[in-house]
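Participant: Predicted model and sequence follow; I will ask about them next.
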Amino acid sequence: MQIVTPKQMGRLEERSEKLGVSKRQLMENAGRKLAELIDGYCRNEAKLSPEECSVVFLAGTGNNGGDCFAAADILLYKGYKLTIIHIGGLPKTPLAQEMMSRLPREKISFIEGFRSGNVEAAIEAAELDYMTIQPRKPDPSDDKNEHNPLDDILNAEKKRMGLIKGAVVGAQVLVDGVFGTGFHGDLDKDIMGIFGIGTAAYRIAVDVPSGGNSASGTISAGIFKADETMTFGFIKSGMSQFPLKKYCGKITIADIGIPKEALKILEGEREYFRIERNFLAAYPQKRERDAHKGCFGTVLVIAGSSSMRGAAAFAALGALRSGAGLVRVASVEKCIDTVSVLAPEATFIELDSDDYGFMLYDSSCEPLSAAMKKATAIVIGCGMGVTPDTIELTKFVVQNAECPVIIDADGINCIAKDIDILMKKRTDIIITPHVGEMARLLSCDTQMISENRLLAAEKYAEQYGITVVLKGGGTVVADSRYTAANHTGNAGMSVGGSGDVLAGIIGSAVAQGCGIFDGACAGVYMHGLAGDIAAQKLSMEAMLPRDIIGNLPDAFGILKEKKKNMTV
């Protein structure tokens, strides 16, 4: 499923106009789709007739407000009780003004959801805080009992706020059309206050919840929390990322008539996708009846240490359970002893260890060189530890491997201080950092990565000519040309070992010939899907990384069944 950035969406709208679909028509189409969504919810979900349903629009001054007015124009003649609360002022864009002018003011309740300039000036001149000012109570013993104009101002403000609160509390549907895809920064306290009014209404956001940055996925305090977001044309890139994604609720994409030809304007630019089942059309490859283990690749897993044996086991099992023909584990003796019990299907290459149970470099080069020549994908780093020897070992693999290499966990930490080693690679590289590891690679704090996940992955992939799998909610896969965001997976996978499983699954997909970017996407999607199945069976609290592996068969079953039924 294609995703666009807010800037790309603006260009698509401009191009649509040149192709004969005006911005007015796009807004009218958006309003119609929004009206259909509201009407469908009231009739089918809430089981209410239009006459019983109060719909309140929080309308901003821009074109998002115009979308609300266009929807209100349709709903009004279906019999709905409508209230429009102007947030921030009256509409300012010509299109929004035009849509509002069509509405019969006598049939709709309009409320000013903003303080006028006169009110602001009066309160400021009196050097009083709007939130703390109290009307002066008349004193019967005071003969003068002078009239205080501020009392009138404050009473009027309280009445206005009372109308807003009453409308929001009494609504069956509350529609947020305050800010659109251009929002960035912070919401002001008045808007936050309105968004925070308690209500049982079904909350719908127009295009993106107000307070959300639809480019990066960051949010402002007080963001509108939607039960459902109707986004127009395409999902916006930031909506694939947390924390914004969780405030969108269910995301519904509305076709507003952007011509397919308009998409040509984006040719040559970075392309964005959400990973869906139909994206994996060539995965897994078909297994002919005369196939043998050599047909499905050999994954070499260089992982583990005496104190971190499970990581190597998880990587090996992830590769085995996702279809690799052969899995070879290169590790120290104690780790192999454990992995051979958990994954007897694998074969093993025993490497020398230091006194602490970590791999040695000098004696490992020769056996690894021979194994690397037979591999079709290499996974390195899981539980390997960071020592002078493992650092040199990781560099050796990067500089000498001729098949794709997936670098995970300690492998990433091993190259973090000499990242330019990636410039000496002889093959395709996939790195699979979590936010902390990505921050170490970029020598910045984790907050910077969390607030710029898409950008961080893209720029790093471009700089080093690699594929980056930035793990976390809405895992990002980026190379020099494409960015994909995953939507499978859940918080129950936030347990040590889950990333090792993912590295093995990606290694298996690549080993089977899936391609570098596509293999990374396939691995991420299947890993999350198996995790979702595990969570359904066991709960997010009780599931373990081994349950992700155990539910890969069900995940492949779902994938194949959906393909059979030709559904997405």
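Facilitator: Arrived safely.
Participant: Now E392: which helix or strand?
Facilitator: Here E392, judged by DSSP states H and E, is contained in helix 388-400.
Participant: by contact count, what packs against that helix?
Facilitator: helix 365-374, strand 377-380, strand 405-408, helix 410-415 (3 or more CB pairs under 8 Å, 6 or more residues apart in numbering; DSSP states H and E). Any C-beta I mention is one placed from the backbone N, CA and C, and that applies to glycine too.
Participant: let's go with 10 Å and repeat that
Facilitator: strand 298-302, helix 365-374, strand 377-380, strand 405-408, helix 410-415 (3 or more CB pairs under 10 Å, 6 or more residues apart in numbering; DSSP states H and E).
Participant: of these, which approaches A343 most closely?
Facilitator: Among the helices and strands packed on helix 388-400, strand 298-302 comes nearest to A343, with 9.6 Å by CB to CB.
Participant: Would you pull up how far the helix or strand immediately after that closest one in the chain lies from the middle of the chain?
Facilitator: Using DSSP H and E, the helix or strand that directly follows strand 298-302 along the chain is helix 309-321. Relative to its chain's centre, helix 309-321 lies at 27 Å (CA atoms, centre = their mean, to the nearest Å).
Participant: picking up where we left off before, nearest to F114 among the helices and strands packed on helix 388-400 would be which one?
Facilitator: Closest among those, using CB to CB: helix 410-415, at 49.6 Å.
Participant: next helix or strand past that closest one?
Facilitator: strand 429-432.
Participant: Counting by contacts, list what the following helix or strand past that following strand packs against.
Facilitator: Sequence order places helix 435-442 as the next helix or strand after strand 429-432, per DSSP H and E. Helices and strands touching helix 435-442, by 3+ CB pairs under 10 Å, 6+ apart, are helix 410-415, strand 429-432, helix 446-451, helix 453-464, strand 467-470.
Participant: any idea of the mean pLDDT in the helix or strand just after the last one?
Facilitator: Following strand 467-470 in sequence order, the next helix or strand is strand 476-478 (DSSP H and E). Over the span of strand 476-478, the pLDDT mean works out to 98.
Participant: Please apply the same query to stretch 561-568.
Facilitator: On average, stretch 561-568 scores 55.
Participant: ok, now stretch 115-132?
Facilitator: 60.
Participant: ok, back up a step: could you export the helices and strands packed on helix 388-400 as a markdown table, including distance to V55, mean neighbour count and mean pLDDT?
Facilitator: Listed next are the helices and strands packed on helix 388-400 as a markdown table, based on distance: least, CB to CB, whole Å; neighbours: other CB atoms under 10 Å; pLDDT from 0 to 100:
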| stretch | distance to V55 | mean neighbour count | mean pLDDT |
| --- | --- | --- | --- |
| strand 298-302 | 56 | 30 | 98 |
| helix 365-374 | 64 | 15 | 98 |
| strand 377-380 | 54 | 31 | 98 |
| strand 405-408 | 50 | 30 | 98 |
| helix 410-415 | 51 | 24 | 97 |
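Participant: Would you format those as CSV with distance to A316 included?
Facilitator: Below are those laid out as CSV (distance: least, CB to CB, whole Å):
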stretch, distance to A316
strand 298-302, 5
helix 365-374, 14
strand 377-380, 9
strand 405-408, 13
helix 410-415, 15
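Participant: for the ones you listed, which one sits closest to C521?
Facilitator: Of the helices and strands packed on helix 388-400, nearest to C521 by CB to CB is strand 405-408, at 13.4 Å.
Participant: Direction included, what does that closest one pair against?
Facilitator: Here strand 405-408 is paired, per DSSP bridges, with strand 377-380 (parallel), strand 429-432 (parallel).
Participant: how about these, which one is nearest R160?
Facilitator: Ranked by CB to CB, the member of these that lies closest to R160 is strand 429-432, at 53.6 Å.
Participant: chain center to the closest one, what's the gap?
Facilitator: Distance, centroid of strand 429-432 to centroid of chain: 20 Å (CA atoms, centre = their mean).
Participant: now swap in stretch 386-405 and tell me
Facilitator: The answer for stretch 386-405 is 32 Å, by CA atoms, centre = their mean.
Participant: Could you do stretch 473-487 as well?
Facilitator: With CA atoms, centre = their mean, you get 9 Å for stretch 473-487.
Participant: Which positions within that stretch qualify as buried?
Facilitator: 473-479, 482-487 (16 or more other CB atoms under 10 Å).
Participant: can you check stretch 9-24 too?
Facilitator: For stretch 9-24, using 16+ other CB under 10 Å, the buried residues are M9, R11, L12, E13, R15, S16, V21, K23.
Participant: Which of those residues sits closest to Q447?
Facilitator: M9 (27.1 Å).
Participant: Surely the closest one is in contact with M239?
Facilitator: No. M9 is beyond contact range of M239, at 11.4 Å (criterion: CB atoms under 10 Å).
Participant: Common neighbours of those two, please.
Facilitator: I3, T181, D207, S214, T231 (CB atoms under 10 Å, 6 or more residues apart in numbering).
Participant: Compile the buried residues of stretch 473-487 into CSV and extend it with columns for distance to L95.
Facilitator: As requested, the buried residues of stretch 473-487 are exported to CSV (distance: CB to CB, whole Å):
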residue, distance to L95
G473, 35
G474, 32
T475, 38
V476, 34
V477, 37
A478, 35
D479, 38
Y482, 34
T483, 31
A484, 34
A485, 31
N486, 36
H487, 32
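Participant: tell me the SS of I85?
Facilitator: Per DSSP: H, G, I helix; E, B strand; the rest coil, the local secondary structure of I85 is strand.
Participant: Make 154 the first number, not 1, from now on.
Facilitator: In the new numbering, first residue 154, that becomes I238.
Participant: what's around it, how many residues?
Facilitator: 23 (other CB atoms under 10 Å).
Participant: Without its sequence neighbours, what residue ends up closest to F449?
Facilitator: G478 (3.4 Å; CB to CB, 6 or more residues apart in numbering).
Participant: my guess is the one you found contacts Q438, does it?
Facilitator: No. With contact defined as CB under 10 Å, G478 does not reach Q438; the gap is 11.1 Å.
Participant: shared neighbours, these two?
Facilitator: Taking CB under 10 Å, 6+ apart as the criterion, G478 and Q438 both touch A444, C448, F449, G450, Q665.
Participant: For G215, state which of those is nearest.
Facilitator: The closest of the shared contacts of G478 and Q438, once distances to G215 are taken by CB to CB, is Q665, at 49.1 Å.
Participant: Secondary structure element holding V648?
Facilitator: Going by DSSP H and E, V648 is not part of any helix or strand.
Participant: on that earlier part again, tell me how far the residue nearest to F449 lies from S484.
Facilitator: 20 Å (CB to CB, to the nearest Å).
Participant: can you check E204 too?
Facilitator: Taking CB to CB, one finds E204 at 71 Å from S484.
Participant: and if you look at A223?
Facilitator: From A223 to S484 the distance is 63 Å (CB to CB).
Participant: Please identify which of those two sits among more neighbours.
Facilitator: Higher neighbour count among A223 and S484: S484, with 31 against 27, using other CB under 10 Å.
Participant: still on that earlier bit, show me the buried residues of stretch 162-177 that map onto helices.
Facilitator: M162, R164, L165, E166, R168, S169, K176 (DSSP state H).
Participant: ok, of the shared contacts of M162 and M392, which one's closest to E545?
Facilitator: Once CB to CB is applied, the member of those that ends up nearest E545 is I156, at 40.3 Å.
Participant: Go through the helix or strand the closest one falls within and flag the buried ones.
Facilitator: I156 is part of strand 155-157, with elements assigned from DSSP H and E. Residues I156, V157 are the ones in strand 155-157 that count as buried (16+ other CB under 10 Å).
Participant: Contacts for that strand next, please.
Facilitator: Strand 155-157 is touched from outside by 161-165, 334, 367, 386-393, 406, 416, 419, 422, 424-427, 607, 636-638, with contacts defined as CB under 10 Å, 6+ apart.
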